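Novice: have a look at this fold, sequence not included:
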């Protein structure tokens with residue numbers, strides 16, 4: 001009897017989502033060829049093609065292996081298709097495929113057994129947060145985190161709405177409002193991580209473009225050396241800035257990092273890295289995140305205050321509270337009896353929660369009590385964004401929206 005040949009087993013070896021899935025397979029071969037298939041996970045449990053469940057395994061105390069754990073098929077066409085039902089789990093699967101030794105069948109590759117292996121990934125959490133290096137917001141962090149959970153093995157996209165409301169600090173030192181410099185963009189996002197210098201080949205404290213580290217996790221080409229000697233993540237309020245210095249090369253064998261500029265690295269000091277922009281973040285974290293839309297706009301309620309007392313032909317106006325109003329000739333104002341005959345900016349603000357004053361370009365006259373409305377700075381900025389997660393990172397990670405990239409805190413102008 002002539003040998004029958006099995007041409008191939010086609011089954012995806014992509015990672016399985018933590019929630020499980022139905023994995024399809026196809027066998028191609030000649031009529032009357034006979035093959036055997038078994039599926040075993042990393043616990044030693046075998047898949048039953050009858051019950052479509054795994055059972056037994058290491059520590060189960062029961063040897064449940066039976067004929068139901070082996071799929072035996074005699075080909076009645078040139079292709080055979082089937083399914084394996086993989087449950088919610090975190091494990092590794094091995095699909096063992098072989099010709100039936102009791103038949104006159106062989107594999108085209110002439111292998112005795114083919115092993116197809118793939119893993120089942122656990123879910124990970126992406127936290128979207130906002131960050132700032134300033135003290136000009138009413139809370140720290142300035143906005144509420146948004147989280148989403150998924151698997152790096154998912155084949156469908158997840159839309160995440162990440163909206164934030166950020167509010168200016170209500171203090172005399174920092175209550176000069178928030179100025180929206182421009183619309184936030186994809187590059188307003190960053191991921192940050194730290195790593196200690198293991199060795200500076202040029203000598204401790206000497207300028208060098210190369211350092212050795214103990215771990216390269218979450219470090220990739222294109223990341224910026226945001227600070228060295230830094231101790232605080234994400235704001236890095238302690239440390240030494242290094243200008244625009246990026247990672248240009250990584251040697252995974254020697255665990256060395258090459259930078260675009262020389263820096264006076266000290267052995268054991270902490271380096272803080274940033275992957276700026278979703279494209280670089282995706283490369284570093286091996287994920288796929290894109291921005292569907294992102295916008296920022298000032299709060300629906302404009303900054304208003306009232307004139308505190310009579311003003312007669314003066315460019316200094318006393319008011320009942322100044323919080324949210326920025327000086328520096330960036331803000332204008334309107335209201336009853338306001339003289340805006342020519343350009344009339346707010347120049348210097350003397351801050352107070354219930355009193356205070358500002359100076360402007362054009363002399364004003366008020367009886368007192370008039371309501372003034374200010375444009376150009378705000379106490380509140382709302383940020384709306386929709387992010388599309390096509391693939392999650394393998395482990396939990398936080399991605400920050402850098403408020404300092406598109407919001408400028410107001411100043412007194414003095």
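Specialist: Nice, thanks for sending it over. Values in this document were obtained by computation on a predicted structure and should not be read as measured data.

Novice: please identify the buried residues of stretch 261-279?
Specialist: 263-266, 269-278 (16 or more other CB atoms under 10 Å). (C-beta placed from N, C-alpha, C; glycine too.)

Novice: show me these that map onto helices.
Specialist: The helices, defined by DSSP state H, take in residue 278 from those.

Novice: so which of the buried residues of stretch 261-279 is the closest to residue 224?
Specialist: Among those, residue 274 lies closest to residue 224 (CB to CB), at 4.8 Å.

Novice: and the closest one, how close does it get to residue 13?
Specialist: 34 Å (CB to CB, to the nearest Å).

Novice: how about residue 199?
Specialist: With CB to CB as the criterion, residue 199 and residue 13 are 39 Å apart.

Novice: tell me which of these two has more neighbours.
Specialist: residue 199 (18 against 12; other CB atoms under 10 Å).

Novice: that one: what's it in contact with?
Specialist: 211, 212, 267 (CB atoms under 8 Å, 6 or more residues apart in numbering).

Novice: the last one contacts residue 200, doesn't it?
Specialist: Think residue 267. Yes - with contact defined as CB atoms under 8 Å, residue 267 counts as touching residue 200 (5.8 Å).

Novice: how about low-confidence regions in the chain?
Specialist: 1, 57-65, 229-242, 298-300 (pLDDT under 70).

Novice: please enumerate the helices of it.
Specialist: Using DSSP H, helices in the chain cover 278-285.

Novice: partner residues bridging the nearest residue to residue 276 once chain neighbours are set aside?
Specialist: For residue 276, ignoring the flanking residues on the chain, the nearest one in space by CB to CB, 6 or more residues apart in numbering is residue 190 at 4.8 Å. Listed by DSSP bridges, the beta-bridge partners for residue 190 are residue 276, residue 400.

Novice: distance of residue 190 relative to residue 375?
Specialist: The span separating residue 190 from residue 375 equals 31 Å under the rule CB to CB.

Novice: higher neighbour count, these two?
Specialist: Taking neighbours as other CB under 10 Å, residue 190 and residue 375 compare with residue 190 leading, 23 against 14.

Novice: which residues does the nearest residue to residue 290 once chain neighbours are set aside bridge with?
Specialist: Among residues not flanking residue 290 along the chain, residue 388 sits closest, at 4.8 Å (CB to CB, 6+ apart). Using DSSP bridges, the bridge partners assigned to residue 388 are residue 159, residue 290.

Novice: surely residue 145 touches residue 131?
Specialist: No - counting by CB under 8 Å, residue 145 does not reach residue 131; the two are 10.7 Å apart.

Novice: neighbour count: these two, which is higher?
Specialist: residue 131 (21 against 13).

Novice: just to revisit the earlier point, take the contacts of residue 199 and write them to CSV, including distance to residue 311.
Specialist: Supplementary listing: the contacts of residue 199 in CSV, determined by distance: CB to CB, whole Å:
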residue, distance to residue 311
211, 61
212, 67
267, 63
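
Novice: so this structure: which segments form each domain?
Specialist: 4-119, 126-156+184-287+391-406, 303-375 (automatic domain parsing).

Novice: right, and those - which one's nearest residue 381?
Specialist: Nearest of the domains of the chain (CB to CB): domain 126-156+184-287+391-406, 8.5 Å.

Novice: distance check, residue 204 against residue 148.
Specialist: On the measure of CB to CB, residue 204 and residue 148 end up 43 Å apart.

Novice: okay but the residue nearest to residue 276 is in contact with residue 279, surely?
Specialist: No - Residue 190 is beyond contact range of residue 279, at 11.7 Å (criterion: CB under 8 Å).

Novice: centre of the chain to stretch 271-279, how far?
Specialist: 10 Å (CA atoms, centre = their mean, to the nearest Å).

Novice: apologies, that question was intended for stretch 389-407.
Specialist: 2 Å.

Novice: so what sits against both of residue 267 and residue 200?
Specialist: Counting by CB under 8 Å, 6+ apart, nothing touches both residue 267 and residue 200.
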